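Q: sequence and predicted structure below; questions after.
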Amino acid sequence: MEDIYAELLQKTAAGDQLAFKELYEKCSPKLMSLCLRLMQTEALAEDVLQEGFIKIWDKADTYTPGKGKAMTWMSTVIRNKGLDKLRSLKTRPVETEVQFEGLEFTSSDLTPDSMEDMSQEMKGLMACLDTLKPSQRECILLSYYYGHTHQELSQKLGKPLGTIKAWIRRGLEDIRPCLN
Amino acid sequence: MPKLNNNNTQGAKRYQNPEVFEQLAIEYAVGSMQGRARKRFEVLMDTHFYLKATVEAYENKFANLVELLPDAKAPDSVWAGIEAHIQESTPQEVKDPWWKANFFKQGFAMAAMALIVTAVMLYNPMSNHNPISYSAMLESDTNGPMAFTKIEKSDMMIKVDIMKDVKIADDMVLTLWCQPKKGGEPMKMGTISKKGKTNIKISEKQWHHMKDIGSLAISVDHKDKTSETSPAGKFILKGQLSSSS
């Protein structure tokens, strides 16, 4: 499938501000959704999204289509910004009126329409995740979307820390051959 | 998780074993590697290009998960902040320079220009630092982070987000204060809600004054005993103010 954002990102690298604005308008809703889940407060999520897009503007020239899709590159930039912010805060803010939890949006019972919209890469990743045990899959997805530590997962799922660590380790060991 | 060790040769050799570094790379990419281990791994990635390449490959695969997320619209202030950064970082185009238009000889004009630039750099301490926003995480001594505060040039607003409800008596109020870096009397910014969000409009003058502020603090005061110059009650939350440009 054609990467619709790569051209905008390459124009951004050349200093085209209109292209960058279009890129922001098209991509920020998904990325804001990611920031809200990682940061759990609107103020911090907005902060991370803003800092992340400033980094995208500053570093757009380091993106090369050969490394992957533009959206995945931008998601990684913003997610790493969020994880850095969580690390700098030391203590994760408690969940407030912004309650984002659960993985219902990753359900394997997706409608045919939503499957149609999904990229080949995402379909491939879903197929790999579906090979895992539900507990392993859940821990990996919660780590990705919410940035939960092992300790936080242990509390959230009510399981011993050692069990959580084992689920994640074995899950990632099991999924590697499929991803590669 | 395989143990991270970047202090000795034996440790370094372990990272050349694909079984070890592939597992560490995928744990980093998913985010299950956190805290100090994540930081140590980032140091290793700077020196071992294959670690970085492997991590990037896994990050690309997992980043597809963002496709599944429902959309969430960010407020307009986020783009305003980004746009302000771009405007400040983009050099202004110079059209038809005056020194080319039969004014003085070029040599004199250039020398004058250099003198002006030097003078501005010497006498304008803000020339290298123009913040577009300030933020502070306010913490209590006992309950950790309690409130997040953001001050943005784009809307000239102090936004206070109380993350954990502050329990105070009905006849008490919370007041936000700015404390100068060099000490002296704090500046009262206004009364804030004990839960949720409060927005306080600030003036241009107050925005410029922010560069001299070292920390923010919230006091608990009696409703009838508030003062403009100092808190009547004690500070319950405090946090360092940091700028971003």
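A: All right, it came through fine. Numbers count the residues shown, from 1 in each chain, chains lettered A, B, ... in the order given.

Q: where do the helices of the chain begin and end?
A: I'll assume chain A. A:6-13, A:17-39, A:42-59, A:70-89, A:112-117, A:120-129, A:134-146, A:150-157, A:161-179 (DSSP state H).

Q: nope, chain B
A: According to DSSP H, the helices that chain B contains are B:9-14, B:18-30, B:35-47, B:49-63, B:76-89, B:106-123, B:204-209.

Q: sorry, back to before: in a markdown table, list the helices of chain A along with mean pLDDT and mean neighbour count.
A: Any C-beta I mention is one placed from the backbone N, CA and C, and that applies to glycine too. Listed next are these as a markdown table, based on pLDDT from 0 to 100; neighbours: other C-beta atoms under 10 Å in any protein chain shown:
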| stretch | mean pLDDT | mean neighbour count |
| --- | --- | --- |
| helix A:6-13 | 93 | 19 |
| helix A:17-39 | 95 | 20 |
| helix A:42-59 | 95 | 22 |
| helix A:70-89 | 91 | 21 |
| helix A:112-117 | 64 | 9 |
| helix A:120-129 | 90 | 16 |
| helix A:134-146 | 93 | 21 |
| helix A:150-157 | 90 | 17 |
| helix A:161-179 | 92 | 17 |
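
Q: to B:Val173, which of these lies closest?
A: helix A:42-59 (21.6 Å; C-beta to C-beta).

Q: need phi/psi at the nearest residue to B:Asp171 once chain neighbours are set aside.
A: Once flanking residues are discounted, B:Asp171 sits nearest to B:Lys223: 5.3 Å by C-beta to C-beta, 6 or more residues apart in numbering or on different chains. Here is the backbone geometry of B:Lys223 (degrees, to the nearest 10): phi -50, psi -40.

Q: now render the helices of chain A as CSV, adding distance to B:Met146.
A: Listed next are those as CSV, based on distance: least, C-beta to C-beta, whole Å:
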stretch, distance to B:Met146
helix A:6-13, 38
helix A:17-39, 16
helix A:42-59, 13
helix A:70-89, 12
helix A:112-117, 39
helix A:120-129, 37
helix A:134-146, 21
helix A:150-157, 19
helix A:161-179, 27
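
Q: make JSON lines from these and add distance to chain B to it.
A: Output for the helices of chain A, formatted as JSON lines (distance: least, C-beta to the nearest C-beta, whole Å):
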{"stretch": "helix A:6-13", "distance to chain B": "10"}
{"stretch": "helix A:17-39", "distance to chain B": "4"}
{"stretch": "helix A:42-59", "distance to chain B": "4"}
{"stretch": "helix A:70-89", "distance to chain B": "4"}
{"stretch": "helix A:112-117", "distance to chain B": "8"}
{"stretch": "helix A:120-129", "distance to chain B": "4"}
{"stretch": "helix A:134-146", "distance to chain B": "5"}
{"stretch": "helix A:150-157", "distance to chain B": "7"}
{"stretch": "helix A:161-179", "distance to chain B": "5"}
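
Q: and of these, who's closest to B:Gly233?
A: helix A:42-59 (25.3 Å).
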